[in-house]
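Trainee: this one's sequence-less:
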Ligand SMILES: O=c1ccn([C@@H]2O[C@H](COP(=O)(O)OP(=O)(O)O[C@H]3O[C@H](CO)[C@@H](O)[C@H](O)[C@H]3O)[C@@H](O)[C@H]2O)c(=O)[nH]1
Ligand SMILES: [Mn+2]
């Protein structure tokens, strides 16, 4: 069989068996592309071994030429990089926990993110995919069950754990009293068990005609987590979900929003074999751009490939909430490590005394990691499971520093910027990583209202930061001066005296005008604000258009 035939056989074998199993699977080309490398891996290895054996003299000559050329053309910057890549092989890769955050089962496609994670080109035993669902949607649960059953042809059963120890009572689509959106028990459900440590080949039966006998069919562990919701408790949206989802000890954490997916299945491998010292922010790339609608589906390239990239020269890009790889949990006290450690070791460090209350919940959660091995041998104890469930309770962070100083920071509409700021403020660096093929893609945003709402939130947080204790002027001495200016996020006109007086006069006049308007029209501040918003929107589109239309009519009679 040629390699080409092998390729086709590999893909079709998987497609046909998945299709049969679930009945209704439609796989995107991206997913097939991702699935292909793993399907081919074993077969290719065999081919490579044979060809290496045949041409050693040629390989030696080529290697000699390369080394000569390399010595004649030194690249000093690349020496350390080369050293790292020589030292690190795939077997040295660290464990990664991938967190997918979900909230709205209707707006966010439930499958594509986790599917691409399961198919990523990374040692399966070192990858765990956590899907955090805040929406309490039955759709998510069903989608994950489907994903697991179609992907996991060989794992016989999945254990279900619920806070109350019973099996899933009722559904959220038809909510029972104790299981409605915003009011339900905490859930940790292992959808796919941890894979075995040694490669596992399929049997010819698995694929029907084609056979999977030389294909490694293991899949990474897949876990669904839904934080408990109780009326009266603020679950702190994504930040709360992420903090409660950190229930394992992977050396790295990667967070993806549910509308993102892995586009370059080898990106993490590439990055981690070369660069294991800091955290990495990948750009956000849109999947589809409709040119006729480019206004609201702008690629934001200037922000990502201009501003964010430029920040690499300082302390690094801001954290934009998705597509970011963090280093987790330094076992040493954060203070001692602060200057040398990677981005996140303090924020996610949980063994330091200062965080002792926070640790109580999370230290116990580390048992969940042990569940991995314990489970295989059938040794999961109920108390261990109950401990794990504590971490997804609605009170786990009460009176702790989670959300205040540790983990994702609460209290803002854009937790990501604040969380990133906190890390830079402690002197850590981040890196903006552009890969040749985009690491992740984002299914283009939504409708105009949602887009404007998003911009409003991002702009609001700049103002919020400016008037809070997190104003970059008040940052610790560890934040570099230029990094502070980047966080201030406003354009400074040459502030001479005349311009300052002009600015002040305009501001005071506008404030006085507002007061008078409110007084004379006898309205509440809120109504006035709505009115102003309306005028601004009208003034920048309909009224502006009316001016041109009016002029055209007068001048040429159109
Ligand atoms: O109660 C909630 C609400 C939201 N989310 C998740 O949070 C993410 C972001 O929420 P969304 O409403 O989609 O905000 P966007 O404006 O689309 O997201 C951008 O802005 C957010 C706030 O700055 C960041 O968290 C995101 O990563 C970033 O992509 C999504 O994955 C949601 O599933 C939750 O997990 N729980
Ligand atoms: Mn979103």
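Mentor: On my side now, so go ahead. Predicted, not measured: the structure shown is a model, and the values here were computed from it. Ligands and ions are numbered 1, 2, ... in the order given.
Trainee: OK, contacts around whichever residue of the chain sits closest to ligand 1?
Mentor: Closest to ligand 1 within the chain is residue 321: 2.2 Å, counting by CB to the nearest ligand atom. In this view, the C-beta of every residue, glycine as well, is placed from N, C-alpha and C. Residue 321 sits next to 238, 255, 257, 414, 415, 416 when contact means CB atoms under 8 Å, 6 or more residues apart in numbering.
Trainee: Residue 403: which of those is nearest?
Mentor: residue 415 (8.9 Å; CB to CB).
Trainee: For the closest one, give me its contacts.
Mentor: Applying CB under 8 Å, 6+ apart to residue 415 gives the contacts 236, 237, 238, 239, 321, 408, 409.
Trainee: and these, which of them are in helices?
Mentor: 237, 238, 239 (DSSP state H).
Trainee: Can I get these in TSV including pLDDT?
Mentor: Below are the ones in helices among the contacts of residue 415 laid out as TSV (pLDDT from 0 to 100):
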residue	pLDDT
237	89
238	91
239	90
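Trainee: got a winner among those for most neighbours?
Mentor: With neighbours defined as other CB atoms under 10 Å, the most crowded of the ones in helices among the contacts of residue 415 is residue 239; it has 25 neighbours.
Trainee: Surely that residue touches residue 414?
Mentor: No. In this structure, residue 239 is not within contact of residue 414 by CB atoms under 8 Å, at 9.8 Å.
Trainee: Report the two of the contacts of residue 415 separated the most.
Mentor: Every pair of these checked by CB to CB; the farthest is 236 and 321, at 14.2 Å.
Trainee: With distance to residue 102 added, can I get the contacts of residue 415 in CSV?
Mentor: Formatted as CSV, the contacts of residue 415 follow (distance: CB to CB, whole Å):
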residue, distance to residue 102
236, 15
237, 12
238, 10
239, 14
321, 14
408, 15
409, 21
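Trainee: And for the closest residue to residue 134 other than its chain neighbours, the neighbour number?
Mentor: Excluding the flanking residues, the one nearest residue 134 by CB to CB, 6 or more residues apart in numbering is residue 103, at 4.3 Å. The number of residues packed near residue 103 is 18, by other CB under 10 Å.
Trainee: Over to residue 503?
Mentor: By the measure other CB under 10 Å, the count of residues near residue 503 is 12.
Trainee: so where does it fall, helix or strand?
Mentor: helix 497-521 (DSSP states H and E).
Trainee: Residue 412 now?
Mentor: Using DSSP H and E, no helix or strand contains residue 412.
Trainee: what's the pLDDT at it?
Mentor: pLDDT, residue 412: 83.
Trainee: Now do the same for the residue lying closest to it once chain neighbours are set aside: helix, strand or coil?
Mentor: Beyond its immediate neighbours in the sequence, the residue positioned closest to residue 412 (CB to CB, 6+ apart) is residue 418, lying 4.7 Å away. Per DSSP: H, G, I helix; E, B strand; the rest coil, the local secondary structure of residue 418 is helix.
Trainee: Kindly report the same for the one 4 residues further on.
Mentor: In three-state terms, and counting by three-state DSSP, residue 422 is helix.
Trainee: how close does it sit to residue 470?
Mentor: In this structure, residue 422 and residue 470 are 8 Å apart, going by CB to CB, to the nearest Å.
Trainee: again, but for residue 396
Mentor: Using CB to CB, we find residue 396 at a distance of 24 Å from residue 470.
Trainee: neighbour count winner among those two?
Mentor: Ranked by neighbour count (other CB under 10 Å), residue 396 and residue 470 place residue 396 first, with 23 against 19.
Trainee: Does the more buried one touch residue 390 like I think?
Mentor: Yes. Shown here, residue 396 and residue 390 form a contact pair, counting by CB under 8 Å, at 6.3 Å.
Trainee: picking up where we left off before, cross-check the ones in helices among the contacts of residue 415 against ligand 1 and keep the overlap.
Mentor: Near ligand 1, judged by CB under 6 Å from any ligand atom, the entries from the ones in helices among the contacts of residue 415 are 237, 238.
Trainee: Dump the ones in helices among the contacts of residue 415 to a markdown table, plus distance to residue 523.
Mentor: Output for the ones in helices among the contacts of residue 415, formatted as a markdown table (distance: CB to CB, whole Å):
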| residue | distance to residue 523 |
| --- | --- |
| 237 | 32 |
| 238 | 36 |
| 239 | 36 |
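Trainee: out of the ones in helices among the contacts of residue 415, which one sits closest to residue 535?
Mentor: Closest to residue 535 out of the ones in helices among the contacts of residue 415 is residue 237 (31.5 Å), distances taken as CB to CB.
Trainee: Let me know the helix or strand that residue 458 is in.
Mentor: Using DSSP H and E, residue 458 falls in helix 448-466.
Trainee: Would you tell me whether that helix gets close to ligand 1?
Mentor: Yes. Contact of helix 448-466 with ligand 1 (CB under 6 Å from any ligand atom) involves residue 454.
Trainee: Need the residues that contact the very next helix or strand once past that helix.
Mentor: Downstream of helix 448-466, the next assigned helix or strand under DSSP H and E is helix 481-488. Contacting residues not belonging to helix 481-488 are listed as 307, 311, 314-315, 318, 421, 424, 465-466, 472-473, 475, 479 [CB under 8 Å, 6+ apart].
Trainee: thinking again about what came up before, quick one: residues contacting the residue nearest to residue 412.
Mentor: 409, 411, 412, 461, 465, 470.
Trainee: Pull up the gap between it and residue 183, please.
Mentor: As judged by CB to CB, residue 418 and residue 183 stand 28 Å apart.
Trainee: repeat for residue 419
Mentor: 27 Å.
Trainee: near ligand 1, which residues of the stretch 251-400 of the chain show up?
Mentor: Residues of the stretch 251-400 of the chain lying near ligand 1 by CB under 6 Å from any ligand atom: 257, 258, 321, 322.
Trainee: Give me the pLDDT value at the first one.
Mentor: pLDDT, the model's per-residue confidence, is 89 for residue 257.
Trainee: which regions of the stretch 401-550 of the chain sit below the pLDDT cut-off?
Mentor: Within the stretch 401-550 of the chain, the segments meeting pLDDT under 70 span 444-446, 489-495.
Trainee: residues in it within reach of ligand 1, list them.
Mentor: Counting by CB under 6 Å from any ligand atom, the residues of the stretch 401-550 of the chain close to ligand 1 are 414, 415, 416, 454.
Trainee: From these, list just the buried residues.
Mentor: 414, 415, 416 (16 or more other CB atoms under 10 Å).
Trainee: tell me which of those residues is nearest to residue 449?
Mentor: Distance to residue 449, by CB to CB, is smallest for residue 414 among these, at 18.0 Å.
Trainee: how close does the residue nearest to that closest one when sequence neighbours are not counted sit to residue 69?
Mentor: Using CB to CB, 6+ apart and skipping the chain neighbours, the partner closest in space to residue 414 is residue 461 (4.3 Å). Distance, residue 461 to residue 69, by CB to CB: 50 Å.
Trainee: Between these two, point out the one with more neighbours.
Mentor: Between residue 461 and residue 69, residue 461 has the larger neighbour count (other CB under 10 Å), namely 21 against 9.
Trainee: Now that that one has come up, it's in contact with residue 420, right?
Mentor: No. Counting by CB under 8 Å, residue 461 stays clear of residue 420, with 11.2 Å between them.
Trainee: Pull up the overlap in contacts between those two.
Mentor: With CB under 8 Å, 6+ apart, residue 461 and residue 420 have no common neighbours.
Trainee: Residue 319 looks like it's in a helix, true?
Mentor: No. Read with three-state DSSP, residue 319 is coil and lies in no helix.
Trainee: Please read off the pLDDT at it from the model.
Mentor: Per the predicted model, pLDDT is 84 at residue 319.
Trainee: ok, the closest residue to it other than its chain neighbours - how many residues close by?
Mentor: Spatially, and ignoring its direct neighbours in sequence, residue 319 is nearest to residue 420 (3.0 Å; CB to CB, 6+ apart). The tally of other residues near residue 420 (other CB under 10 Å) stands at 27.
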